[in-house]
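Colleague: No sequence on hand, only this structure:
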């Protein structure tokens, strides 16, 4: 009598989890909450890290939230983006690390008056949003409002 044992290849060759084909942008992003939007006409950011600085006027665009549109009976789900009243902008950098960074925001109100100069010293955050196998993503996100400049939570 002969016995044959069958084993799955999975035990010997695990299938790697796929990673999204998303490139990380080296950038500082800023969000202006609804309550402060009427006070901002233009915005300029300056970011310094590891002895290198980059400064530019950022284009402010309407912020968006995802709105769940539900799922069909066959399990296909969808969502749409909807403006939330905030403004967002991005200052692109040559590089971004988790080293300490300084960000300064200046600009003008819609009537042309200067906005208060706001500066924040913080550390960009590193995380593995798609799992450790997909690499670490570093983000630098700030919020500008009437109280000043703070790191996004």
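Modeller: That came in fine, so what should we check first? This is a predicted model, so every value here is computed, not measured.
Colleague: strand partners of the least confident helix or strand in the chain by mean pLDDT, parallel vs antiparallel please.
Modeller: The helix or strand of the chain with the lowest confidence, counting by mean pLDDT, DSSP states H and E, is strand 125-127 at a mean of 89. Using DSSP bridges, strand 125-127 pairs in its sheet with strand 137-145 (antiparallel).
Colleague: now the partner strand: how far from the chain's centre is it?
Modeller: Strand 137-145 has its C-alpha centroid displaced from the chain centroid by 7 Å (C-alpha atoms, centre = their mean, to the nearest Å).
Colleague: what comes into contact with it?
Modeller: For strand 137-145, contacts defined as C-beta atoms under 8 Å, 6 or more residues apart in numbering pick out 24, 27-33, 35-36, 40, 43, 47, 96-98, 101, 103, 105, 118, 120, 122, 124-130, 149-152. The way it works is simple: take the backbone N, C-alpha and C, and place the C-beta from them, glycine included.
Colleague: From those residues, keep the buried residues only.
Modeller: Buried members of these, scored by 16 or more other C-beta atoms under 10 Å, are 27-32, 36, 40, 43, 47, 96, 101, 103, 105, 118, 120, 122, 124, 149, 151.
Colleague: sorry, back to before: now intersect the contacts of strand 137-145 with the helices, please.
Modeller: Among the contacts of strand 137-145, DSSP state H puts none in helices.
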